[in-house]
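Q: Quick one, structure for this:
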Amino acid sequence: MLNTLVWHAPSSLEQTVKTELDRQVQQDAIARLWRRDATLWTGQDEGQWLGWLDAIEQQRAALPQLQALAADVRQARFTHALLLGMGGSSLCPEVLARTFGHQRGFPELHVLDSTVPEQVLAVEGRVDLARTLIIVASKSGSTLEPNVFKQYFFDRLAKIVGRSHAGRQFVAITDPKSKMQQVAEGDGFRHIFFGEPSIGGRYSALSPFGTVPAAVLGLDVAAWLDRAALMAEACKGSGADNPGLQLGVLLGVAAREGRDKLTVFASPGIEGVGGWLEQLIAESTGKDGKGIIPVDLEPIAEPSAYGSDRLFAYVRLTGAPDEEQDRAAEALAAAGHPVIRIDVREPLALGQEFFRWEIATAVAGAILGIHPFNQPDVEASKIETRKLTEAFEHTGILPGDTPIASSDGLTLFADAENAGALQDAVAAGGGVREWLRAHVARLQDGDYFALLAYVEMNARHAGLLRTLREIVRAQHRTATCLGFGPRFLHSTGQAYKGGPASGVFLQITSDAGRDMAVPDQRYTFGVVRDAQAAGDLAVLASRHRRALRVHLDADVAAGLQQVIDVLR
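A: Numbers count the residues shown, from 1 in each chain. The predicted structure is shown next:
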């Protein structure tokens with residue numbers, strides 16, 4: 001059976017949505033999408049990026065290989081599996097790991113998508129490397145993070161089991177003829193699985209980038225694909241009852257009408273889906289000064305805490321709903337906020353939502369008049385990072401910045417434009433407190449506040465950053481976002497730089513606690529993290545975004561508490 005969708009909206013928005021839905025049906029939008037007609041969007045190369053439409057059937061055909069992989073992994077008695085990836089190659093596996101957990105007889109799946117040294121070491125500490133299957137997931141094979149992860153863990157394993165045997169504990173998922181294929185073949189990887197080049201990373205959940213990790217962790221991949229196929233079939237319909245078209249029109253029209261902060265909350269059993277949705281929505285729609293800003297894991301509040309720029313999506317697990325979330329959704333709808341509720345019948349039915357939201361995002365892109373399959377501003381950050389790491393290889397140093405204020409372990413940095421704009425609001429001799437408060441005070445109606453945290457993603461840090469989000473929302477009634485660096489660079493980073501100029505950004509960096517070398521490179525993981533943060537801030541500045549960096553000492557939790565105390 002299909003997952004169901006119901007929605008409530010103010011009468012004016014409801015009528016606009018219905019009018020646009022009728023227009024899309026009259027213009028044969030769904031048939032054009034399935035025909036790969038690029039004129040549905042901007043008439044560029046969109047038609048070349050729709051391989052995901054056929055992914056379910058392709059993976060059904062590949063079930064014998066996936067089942068053989070599962071049997072091999074089980075027979076080898078691996079206790080852990082570690083997926084090394086970034087963005088589209090890591091977010092679906094993370095959803096699967098968080099949703100399905102440890103399956104008996106199969107390895108427990110962990111995901112690493114951070115160059116923060118403490119994060120790498122924390123993940124390494126959760127696995128027994130000698131009994132771990134390592135999955136390197138990289139479409140292009142040239143993405144910095146999966147490459148340095150592979151270098152590090154291959155070196156670590158070679159020291160444990162010997163270099164000639166290390167490759168037998170590696171699996172690659174990559175596009176044909178990529179650099180990663182060459183590396184995998186050269187190092188004798190256990191398996192190599194190939195993606196489809198016409199599927200972009202964020203649309204790859206139902207391709208090998210999702211099905212291979214699913215098989216490794218012991219998921220019933222056939223049942224998962226069967227449920228997803230029901231949604232794919234429903235999304236071929238040309239009428240107004242097409243579930244993907246309905247959702248896409250809701251998203252696109254709401255954004256066009258100023259409700260461009262898509263606020264997602266999901267039942268605890270499937271809460272991980274929000275991170276996947278963040279990337280799909282932000283990276284697909286946030287460009288050309290337009291876009292939908294996804295808001296995930298923001299604490300639920302009373303309806304009065306929200307402005308008129310919100311659209312809420314409640315992804316509800318019908319077998320295990322959260323009563324507080326149910327009440328919140330009802331209260332929001334009763335107060336006149338638009339609310340979409342999707343009832344997911346069982347965790348395996350998340351496959352339906354992967355496909356529904358992919359269709360919906362493509363439709364929303366057509367309504368917004370953008371190319372939903374490229375990511376120009378993600379590439380811009382990669383280029384800046386590459387410049388810095390290459391320079392470090394030659395000089396052994398990263399360029400430094402001059403602080404604008406410093407006290408009690410907090411140091412602030414800003415580019416000339418932002419420093420100048422803030423200087424007008426800070427009295428002569430103002431310190432860290434005045435600069436931080438002046439920066440947050442730049443928030444206006446319709447803006448959003450984004451924390452860009454280049455620190456370890458752990459429960460303590462997440463809790464402190466959650467408190468910071470609550471403080472800012474209570475003071476300004478604005479949407480608040482949280483991205484842990486560098487993973488958000490391949491996700492919401494596109495919308496932050498290329499989408500509407502409505503963000504106020506606070507980047508958070510810190511002194512190195514521990515650091516590790518990247519084998520065969522002069523730079524370390526800490527240098528990579530710092531280069532990514534610097535490149536991120538440089539591109540934000542080049543896009544004239546309102547951005548400030550606060551640098552903490554090595555005690556990150558204490559530094560975050562200081563920021564909270566300043567802004568409270």
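
Q: next structured bit after the helix-or-strand element of the chain with minimal mean pLDDT?
A: In the chain, the helix or strand scored least confidently by mean pLDDT, DSSP states H and E is helix 376-395, which has a mean of 83. The first helix or strand that comes after helix 376-395 along the chain, using DSSP states H and E, is strand 405-407.

Q: residues of whichever helix or strand comes after that next one that come out buried?
A: Counting by DSSP H and E, the next helix or strand C-terminal to strand 405-407 is strand 410-413. For strand 410-413, a neighbour-count test (16 or more other Cβ atoms under 10 Å) marks 410-413 as buried. For glycine as for every other residue, the C-beta is placed from the backbone atoms N, C-alpha and C.

Q: and if you look at stretch 208-216?
A: 208-216.

Q: Could you check how far that stretch is from the centre of its chain?
A: 18 Å (Cα atoms, centre = their mean, to the nearest Å).

Q: ok, now stretch 264-280?
A: On Cα atoms, centre = their mean, the centre of stretch 264-280 falls 10 Å from that of its chain.

Q: Quote the end-to-end distance of it.
A: Here the two ends of stretch 264-280 are set 13 Å apart, with distance taken as Cα to Cα, to the nearest Å.

Q: quick one: average pLDDT of that stretch?
A: Mean pLDDT, computed over stretch 264-280, is 97.

Q: how deep is residue 207 tucked in, by neighbour count?
A: 27 (other Cβ atoms under 10 Å).

Q: didn't it look like it was pressed against residue 58?
A: Yes: using Cβ atoms under 8 Å, residue 207 makes contact with residue 58 at a distance of 7.5 Å.

Q: shared neighbours, these two?
A: Common contacts of residue 207 and residue 58, defined by Cβ atoms under 8 Å, 6 or more residues apart in numbering, comprise residue 196.

Q: Please name the residues that touch the residue of the chain positioned farthest from its centre.
A: No residue in the chain sits farther from the centre than residue 428, which is 40.3 Å out by Cα atoms, centre = their mean. Contact analysis of residue 428 by Cβ under 8 Å, 6+ apart lists nothing.

Q: Make sure it is indeed in a strand.
A: No: under DSSP: H, G, I helix; E, B strand; the rest coil, residue 428 sits outside any strand and is assigned coil.

Q: Per-residue pLDDT of it, please?
A: For residue 428, pLDDT reads 71.

Q: list the buried ones in stretch 465-474?
A: 465-473.

Q: And for stretch 224-232?
A: Buried residues in stretch 224-232, counted by 16+ other Cβ under 10 Å: 224-225, 227-232.

Q: likewise stretch 164-176?
A: Those would be 166-175, for stretch 164-176 by 16+ other Cβ under 10 Å.

Q: hang on, the earlier thing: give me the residues contacting the least confident helix or strand of the chain.
A: Contacts for helix 376-395 (Cβ under 8 Å, 6+ apart): 144, 283, 286-287, 398-399, 489-490, 493-494, 497-498, 521-523, 527-528, 531-532, 534-536, 538-539, 542-543.

Q: Please export the C-alpha coordinates of that helix as PDB.
A: C-alpha atoms of helix 376-395 as PDB (Å, rounded to 0.1, in the frame of the first residue of the first chain):
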ATOM      1  CA  PRO A 376      27.300  25.300  -9.000                       C
ATOM      2  CA  ASP A 377      28.000  26.700  -5.600                       C
ATOM      3  CA  VAL A 378      29.000  23.400  -4.100                       C
ATOM      4  CA  GLU A 379      31.700  23.300  -6.800                       C
ATOM      5  CA  ALA A 380      32.800  26.800  -5.900                       C
ATOM      6  CA  SER A 381      33.500  25.700  -2.300                       C
ATOM      7  CA  LYS A 382      35.400  22.700  -3.500                       C
ATOM      8  CA  ILE A 383      37.600  24.900  -5.700                       C
ATOM      9  CA  GLU A 384      38.500  27.200  -2.800                       C
ATOM     10  CA  THR A 385      39.300  24.300  -0.600                       C
ATOM     11  CA  ARG A 386      41.500  22.700  -3.300                       C
ATOM     12  CA  LYS A 387      43.400  26.000  -3.700                       C
ATOM     13  CA  LEU A 388      44.100  26.100   0.000                       C
ATOM     14  CA  THR A 389      45.200  22.400   0.400                       C
ATOM     15  CA  GLU A 390      47.400  22.600  -2.700                       C
ATOM     16  CA  ALA A 391      49.000  25.700  -1.300                       C
ATOM     17  CA  PHE A 392      49.600  24.000   2.000                       C
ATOM     18  CA  GLU A 393      51.300  21.100   0.200                       C
ATOM     19  CA  HIS A 394      53.800  23.600  -1.200                       C
ATOM     20  CA  THR A 395      54.200  26.100   1.800                       C
END
